[in-house]
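Asks: Need coordinates for the below:
(2 chains)
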Amino acid sequence: MEIQFTHEIAQLRQGAGTTFHGEGILAITKALLQAGVAYVGGYQGAPVSHLLDVMVQAKPYMDELGVHVEACSNEASAAAMLGASLHYPLRGAVTWKSVVGTNVASDALSNLSSPGVRGGALIIVGDDYGEGASVIQERTQAFALKSSLALFDPRPDLGLMVRMVEEAFRLSEASNMPAILQLRIRACHVRGSFACKDNIAPAMSTRALLDEPAPFDYAKLAHPPVIFGHEKLKASERIPAARRQIVERGLNELFPGRHADTGIIVQGGLYNALIRALQQFGLADAFGGADVPILVLNVTFPLVPEQIAEFCGPKRGVLMLEEGQPEFIEQEIATLLRRRDIQTPLHGKDFLPQAGEYSVEVIAAGLLEFVRHYLPGTATAPVEAWLAANRERRAQVAGRLDRPLPPRPPGFCIGCPERPVFSALKLAQAEVGRVHIAADIGCHSFATFEPFSSGHSILGYGMSLASRAGVGPMMQRRTLAIMGDGGFWHNGLITGVQSALFNKDDAVLLIFKNGYTSATGTQEIISTPSDQARAETADKLGSLTHTNQTIETTLKGLGVEWMRTVHTYRVEAMRKTLIEAFTAPFAGLKVIIAEGECQLERQRRIRPWLASLRERGERVVRVRYGVDEDVCNGDHACIRLSGCPTLTIKDNPDPLKVDPVATVIDGCVGCGLCGENAHAATLCPSFYRAEVVTHPKWHERLADRLRGALVRALRTA
Amino acid sequence: MNATMDERRGGTEPITLLLCALGGEGGGVLSEWLVAAAREAGYAAQSTSVPGVAQRTGATTYYVEVFPVPVADLGGRQPVFSLYPVPGALDALVSSELLETVRQIGNGMASKARTLIITSSARVLTTNERMQMADGRVPPAPLAGIVREHSLTHHLVDMDGLTRESGTIVSAVMFGAIAASGVLSVPRDACEAVIRAGGKGAEASLRGFARAWDHVSAERERVAFVGSVLGGAAPLLTASPTDASPSDASPSTTSSFAAAPVTALTATAAARFPSAVHDMLALGCARLLEYQDAAYRDLYLTRLDRVYAAESAGVTANASGARDWATTRTTARYLALWMAYDDIVRVAELKARASRAERVRREVRVADGELLRVYDYFKPGIPEVAALLPPRWAGALVRWDRGRQSRGKPSFALPLKIGTHGVAGMLALRALAGLKGLRRHGSRYAQEQQAIERWLGALETGARLDWTLGNEIAECGRLIKGYGSTNERGKNNLLHVIAHLAGGADAGAASTASPSTAVDSTARAEAIRSARVAALADEGGIALDRSLAAHGAPPRPVPEVPIRFMRKPDPRAMAAKAAKS
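Replies: Alright, predicted model coming up:
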């Protein structure tokens, strides 16, 4: 794993009377233990990876408490894990990135929420929405609505977020509804404090085992005929029970204000941005005291009609602040007001944008409309001036630049083993023509950016091979599907490989076998090199991924006949293998295993080892590449084949030449791609490989001295 | 924290900081330090971020708010912090990279009325800037200008340099700069205590912190002094990075070009040309003398003479300004480079120099007692060998290679990795460099001279007709660079452009001249300029073809390449075959 959470694990042990200082998602992790959670599962993904990562690393402490932690193979398996709370009074929590994870999990979620749970079942989702997001922009709310899952969207205050975890379990148990606690990216990464409580070891746990399975109860099955009853129960009992909890436990918050005849209803997660926006109008102070009454929905499903009606009834106008589309909450409120014949005007998406993140500035622009309509005594000029100044500044900067600033998207790490494959793919296509490339989720999706600009579709995690099933038969040339080992195990094996084999599809699949789910923080998977392999391998510099053959044996077992394994740094071999796969007479599924260990993990492995060798005065070879500045042709073809951050350009030192030359800067890990590309693509002869030997052996020093004198004499001035 | 922070806006608003960093630069650690330091000093603080997958070398931001009244004086009330930076309401924008600073200014974040900008003056080039065929870098001068124009005060700090000097990562340097800037006025020792509490790597971080602290403090003192002298608060002025336009690129002292001997320019040669041309002329003469011999240099001078004469005649005839003899000067540059075309002899000669060995040692930072081994990557092919052979033999060799390719084999080339730190490798380099004499009799020499003459012919004709047209043709010399396919591509593009866009200017291609001959010379100059820019836009020549078409020129001829016909096998045919067997 990328991060060592020693400090965070210590924080998990904090007891009552102490204060926790740290990130939102770790506060939630601690909150689970304070709520007496018995089992935890999930699938990694920003912004909630840390929850599971910390729990996995904290195994000894979890064992102490009797908490079971499972790193699930995908979100569906995580959601299914909540099945433990169907019969048994166990509190369980799972986590994933939403909306994509919720999509994958939705089958199990439907089947869980139909019979309903006995123990509290909580899903912590990181809502990957707005700036910094990496997935399709959709709302988790839709899943809560369709499956009747309670949805918490707490105000981003650590103390309240922690309290809501406990409340969500309680509500889940009281209503039999599983609950989702939704956290926006910035709330996951918010750094704040809260007063700790003691952790509670669950009553039933890995240390206090259940004696007997639950008695047979057909009503607990998602199976006809009880499913019809379940649906009715949702409306007649569960949702009303949840509403009672919301009111009795004060889960939604009402902040009164001077302008009592107006009001704002807000999703809890947007509260802080709303307060800052109100401050721009002088309608709120630094501590949240506002002139306009605010109803904060820390639970956005189910709504409590009485609460809403009571808030809206006596007002001249109400604004609903709801991020994302469609505006489910606003629609529901409109319906319930209409049904009760409450004539209070309701505003929302008419004042605010339909799509996109609700930042302070966006909210303020919407508030401006609301204030103009309902608070005529409030001076709007300062806000108008501020918004105009923002627009003006943006225009000014744009005007000063002759073209828009180039983007800086994420890219492959220095020395990433996946980069060379895209170099080879570019070269192979130069020879056999362009091919349709079904891309996937994972680090390799960075190849969609410059300089590779590769990939025709991304249909979901592990979906690449499946997504070419309709394209392949329509195309003169073969198609290529690219998948990471993360995506392969997440679902690519089933949706892609199994289907292609069964249908005898003529397809090419390239699997990046780097040993980890690297994009999410290098979590381990079933094909990760074992600790034993790490300890036993003498040459620690090399990739270790070949020591785990789970992918290969699985594919062989399924019946894959054409399989080639190529080390990713061997660009020429990869180029030839790709061409072979595109042109071979074999008409079935052709799989190329592109093997090369994740460079982040490799560096984590070898850095301490090399440091210890150096300290002990043992021989160490450091490799770095370089460019001869006077030989470089200034065309930058090498960069168009690599994009490595350490292969960059600098002013041409030759006063006659005008275009900058390529240069290798500090940070180069000597992965070898520059040399491989120089040969495979016949680049200019400016690349060199430098090997620096620290603590050389005596005979090396002697040989070097003899040779050095001769070579020096041979060099020209 | 001192009173200055409390006083700001009456202690009713948080102090706000937006931090910009690239993945792996420790922005997360920095925001952690800031929050911890504020907390230790008794203030409420919050930070947040949107790292996503941007941790992998992409740009990302961190946002910090600190409430300026001590928690003890708040009477139990808790400030509500924002998770979003508010455009125009930042107290500080701190960034490790200049372009990212400007990106945030462009997002409207900084304001002249309120924001202190602390930014690195260093650039980390984006992929888009690095991958262009010519120079895709965003010029730094406007960037620094934007920082100046949209900040209350600013510090342009070479964070890259400070980071390297102190052997740490840039977050420590940013922390030191923030601490010294006074925006938070957390006492220095409180900040350092927070770093120390982090344990691992603390010493290096403290070094980086201290260097940045000293740098920013010194700047503040200087400004305070200037302000007191002038009797008012002077905005902070710092040296901005200069716009290093390519033509002004000063020879770096570490390069093998450092000693470009201006003395190579003999008095007679100098007398033949105006002084505006002398610097380029000296470099050109030196290059050709070094590349071949005095006779070759003299050929260069004779050729340049013709261009100078044409430019003079054009200026006289058209009564237009000479514009500092830019055409002759530009030709002096590109003609020298073209005549000193790169071949294996030249490469071997450059790689066998002692100065090169020194440069490599410096670049890879070889310490005393360490051994260095250097391996050079070469892949000489048939064209490289044929270049040195007389035309008849070269032709035969090239025909043999074409034959190979038409049989589906790759063009013959020898991938070599030569250890040039060794005796054998160095001997090989010296032997190749010793083939200089063959060059003049080789097939490539003849081809290059012919192409040069076509360019010069067009240039002369154009210069006599219209100064701008001549100058645009001279500028086309930029298309010629490098080796192998890069060189071929550039040469073909240039010859095609002058054949079809220079009108009658290209005597050698008069028969193929397009109808554009009738168009006036200004339009032709513009067409050539646009085609030249387009030729450097993409490798495939898509932009160039578009530009050619827009100006009525025929598309470039499709080069002859062996075709590898690839289709996936027909399943029916396969099934039939299987049934037969």
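Asks: Give me the distance between the residue of the stretch 501-650 of chain A found nearest chain B and B:Val347.
Replies: Closest residue of the stretch 501-650 of chain A to chain B, C-beta to the nearest C-beta: A:Asn633 (2.7 Å). Every residue, glycine included, has its C-beta placed from N, CA and C. The gap separating A:Asn633 from B:Val347 is 10 Å, by C-beta to C-beta, to the nearest Å.
Asks: Pull up the overlap in contacts between the two.
Replies: B:Tyr483 (C-beta atoms under 8 Å, 6 or more residues apart in numbering or on different chains).
Asks: re earlier: out of everything not next to it in sequence, what's closest to the residue of the stretch 501-650 of chain A closest to chain B?
Replies: Nearest residue to A:Asn633 in three dimensions, chain neighbours excluded: B:Gly482, at 2.7 Å (C-beta to C-beta, 6 or more residues apart in numbering or on different chains).
Asks: For the stretch 451-600 of chain A, what lies in contact range of chain B?
Replies: Contact residues, the stretch 451-600 of chain A versus chain B (C-beta under 8 Å from any C-beta of the partner chain): A:Pro451, A:Gln476, A:Arg477, A:Arg478, A:Asp506, A:Ala519, A:Glu572, A:Phe582, A:Thr583, A:Pro585, A:Ala587.
Asks: Buried among those? Need that as a selection in ChimeraX.
Replies: Buried subset of those, written as a ChimeraX selection, criterion 16 or more other C-beta atoms under 10 Å in any protein chain shown:
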select /A:451,477,478,506,519,582,583,587
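Asks: Which of the residues of the stretch 451-600 of chain A next to chain B lies at the shortest distance from A:Glu615?
Replies: A:Ala519 (33.6 Å; C-beta to C-beta).
Asks: helix, strand or coil for that closest one?
Replies: Following DSSP: H, G, I helix; E, B strand; the rest coil, the label given to A:Ala519 is helix.
Asks: swap in B:Tyr43?
Replies: Applying three-state DSSP: B:Tyr43 is coil.
Asks: so what's it scoring on pLDDT?
Replies: B:Tyr43 carries a pLDDT value of 93.
Asks: wait, isn't it in contact with B:Pro68?
Replies: Yes. With contact defined as C-beta atoms under 8 Å, B:Tyr43 and B:Pro68 form a contacting pair (7.2 Å).
Asks: Next, the residue of the stretch 501-650 of chain A closest to chain B: phi, psi?
Replies: Main-chain dihedrals, A:Asn633, degrees, to the nearest 10: phi -90, psi 0.
Asks: quick one on the thing from earlier: taking the residues of the stretch 451-600 of chain A next to chain B together, which two end up most distant?
Replies: Applying C-beta to C-beta across these, the maximum distance is between A:Ala519 and A:Pro585, 36.0 Å.
Asks: any low-confidence regions in chain B?
Replies: Residue ranges of chain B with pLDDT under 70: B:1-11, B:52-56, B:230-266, B:318-322, B:503-519, B:559-581.
Asks: same thing but at 50, please
Replies: B:1-8, B:232-256, B:258-261, B:505-518 (pLDDT under 50).
Asks: Domain parsing of it, as residue ranges.
Replies: B:3-246, B:344-439, B:478-581 (automatic domain parsing).
Asks: In CSV, list the ones you listed along with mean neighbour count.
Replies: Formatted as CSV, the domains of chain B follow (neighbours: other C-beta atoms under 10 Å in any protein chain shown):
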stretch, mean neighbour count
domain B:3-246, 21
domain B:344-439, 17
domain B:478-581, 17
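Asks: the helices in the stretch 51-200 of chain A, which residues?
Replies: Secondary structure of the stretch 51-200 of chain A (DSSP state H, counting those that start in this stretch): helices at A:59-65, A:75-81, A:84-87, A:100-113, A:141-147, A:158-175, A:185-188.
Asks: can you check the stretch 301-450 of chain A too?
Replies: Using DSSP H, counting those that start in this stretch, helices in the stretch 301-450 of chain A cover A:305-312, A:328-339, A:360-374, A:381-400, A:419-432.
Asks: Show me what the first one is packed against.
Replies: This points to helix A:305-312. helix A:239-248, strand A:262-267, strand A:294-297, helix A:328-339 (3 or more C-beta pairs under 8 Å, 6 or more residues apart in numbering or on different chains; DSSP states H and E).
Asks: Any part of the third one near chain B?
Replies: No. In terms of C-beta under 8 Å from any C-beta, no part of strand A:294-297 sits within range of chain B; the closest distance is 11.3 Å.
Asks: Do me a favour and average the pLDDT over that strand.
Replies: Averaging pLDDT along strand A:294-297 gives 98.
Asks: now for it, which elements pack on it?
Replies: Using 3+ C-beta pairs under 8 Å, 6+ apart: strand A:294-297 touches strand A:253-255, strand A:262-267, helix A:271-280, helix A:305-312.
Asks: would you turn those into a markdown table with mean neighbour count and mean pLDDT?
Replies: Shown next, in a markdown table, are the helices and strands packed on strand A:294-297 (neighbours: other C-beta atoms under 10 Å in any protein chain shown; pLDDT from 0 to 100):
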| stretch | mean neighbour count | mean pLDDT |
| --- | --- | --- |
| strand A:253-255 | 15 | 98 |
| strand A:262-267 | 25 | 98 |
| helix A:271-280 | 26 | 97 |
| helix A:305-312 | 18 | 97 |
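Asks: Turn the ones you listed into a markdown table, columns for distance to B:Asp135.
Replies: Shown next, in a markdown table, are those (distance: least, C-beta to C-beta, whole Å):
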| stretch | distance to B:Asp135 |
| --- | --- |
| strand A:253-255 | 57 |
| strand A:262-267 | 48 |
| helix A:271-280 | 42 |
| helix A:305-312 | 61 |
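Asks: In CSV, list the domains of chain B along with distance to A:Arg339.
Replies: Converted to CSV, the domains of chain B look like this (distance: least, C-beta to C-beta, whole Å):
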stretch, distance to A:Arg339
domain B:3-246, 35
domain B:344-439, 75
domain B:478-581, 61
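Asks: Of these, give the one that comes closest to A:Met320.
Replies: Taking the domains of chain B one by one with C-beta to C-beta, domain B:3-246 is closest: 19.5 Å.
Asks: picking that back up, in JSON lines, list the helices and strands packed on helix A:305-312 along with distance to B:Pro274.
Replies: Formatted as JSON lines, the helices and strands packed on helix A:305-312 follow (distance: least, C-beta to C-beta, whole Å):
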{"stretch": "helix A:239-248", "distance to B:Pro274": "87"}
{"stretch": "strand A:262-267", "distance to B:Pro274": "73"}
{"stretch": "strand A:294-297", "distance to B:Pro274": "77"}
{"stretch": "helix A:328-339", "distance to B:Pro274": "76"}
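Asks: So which of these is nearest B:Leu372?
Replies: Smallest distance to B:Leu372 across the helices and strands packed on helix A:305-312 (C-beta to C-beta): 61.5 Å, for strand A:262-267.
Asks: Note down every partner strand of the closest one and its orientation.
Replies: Paired neighbours of strand A:262-267 in the sheet (DSSP bridges): strand A:294-297 (parallel), strand A:317-321 (parallel).
Asks: Now render the ones you listed as CSV, adding mean neighbour count and distance to B:Ser312.
Replies: Listed next are the strands paired with strand A:262-267 as CSV, based on neighbours: other C-beta atoms under 10 Å in any protein chain shown; distance: least, C-beta to C-beta, whole Å:
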stretch, mean neighbour count, distance to B:Ser312
strand A:294-297, 24, 80
strand A:317-321, 25, 74
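Asks: what about the domains of chain B, which gets the closest to A:Val471?
Replies: Closest of those to A:Val471 is domain B:478-581, at 12.3 Å (criterion: C-beta to C-beta).
Asks: Contacts made by stretch A:154-164 with the rest, please.
Replies: Contacts of stretch A:154-164 with the rest of the structure, by C-beta under 8 Å, 6+ apart, involve A:20, A:24, A:27-28, A:30-31, A:34, A:152, A:181, A:183-184, A:186-187, A:190, A:192-195, A:251, A:253, A:268-269, A:271-272, A:296, A:298, B:78, B:83.
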